[in-house]
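Q: Predicted model and sequence below, questions to follow.
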Amino acid sequence: MCQAYPKYSFKYAVNDYHTGDVKSQQEVRDGDVVKGQYSLVEPDGSVRTVDYTADKHSGFNAVVTKSGHSLHTEGHGYGHF
């Protein structure tokens, strides 16, 4: 049985500031090697970015970074005095 050589690339983004759903992803595959990145705005306003690679020799590897500043303030008032 003949297997097709896997090769693709894609990217997308969502920017719905009304709901807070802000994210993007891009990925490229060439044979057994996959490289990509995704990012999203966390509930605290910071941005999490994940750069990843995967292949049959090294497996899946990801580097996660966080940027920006938290928008939360001190003293949420959850019954703490």
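A: That came in fine, so what should we check first?

Q: Tell me, how many residues neighbour residue 30?
A: 12 (other CB atoms under 10 Å). Where C-beta positions appear, they are placed from N, C-alpha and C, glycine not excepted.

Q: Identify the residue spatially nearest to it, adjacent ones excluded.
A: Using CB to CB, 6 or more residues apart in numbering and skipping the chain neighbours, the partner closest in space to residue 30 is residue 7 (5.4 Å).

Q: So that neighbour sits against residue 31, correct?
A: Yes - counting by CB atoms under 8 Å, residue 31 is a contact partner of residue 7 at 7.0 Å.

Q: My guess is residue 29 contacts residue 8. True?
A: Yes - counting by CB under 8 Å, residue 29 touches residue 8, with 5.3 Å between them.

Q: Compare those two (neighbour count), which wins?
A: residue 29 (15 against 9).

Q: Return the residues in contact with that one.
A: 6-9, 35 (CB atoms under 8 Å, 6 or more residues apart in numbering).

Q: Look up how far residue 38 lies from it.
A: 15 Å (CB to CB, to the nearest Å).

Q: Also residue 3?
A: 28 Å.

Q: More neighbours: the two, which one.
A: Neighbour totals were compared for residue 3 and residue 38, and residue 38 leads with 17 against 5 (other CB under 10 Å).

Q: Which helix or strand contains the more buried one?
A: strand 33-41 (DSSP states H and E).

Q: Tell me the buried residues in that strand?
A: Residues of strand 33-41 classed as buried: 34, 36-39, 41 (neighbour count, 16 or more other CB atoms under 10 Å).

Q: For the closest residue to residue 37 other than its chain neighbours, list each beta-bridge partner.
A: The shortest distance from residue 37 to any non-neighbouring residue, by CB to CB, 6+ apart, is to residue 51 (4.9 Å). Beta-bridge pairing for residue 51 (DSSP bridges): residue 37, residue 63.

Q: so who does residue 51 touch?
A: Here residue 51 is in contact with 36-37, 62-63, 65 (CB under 8 Å, 6+ apart).
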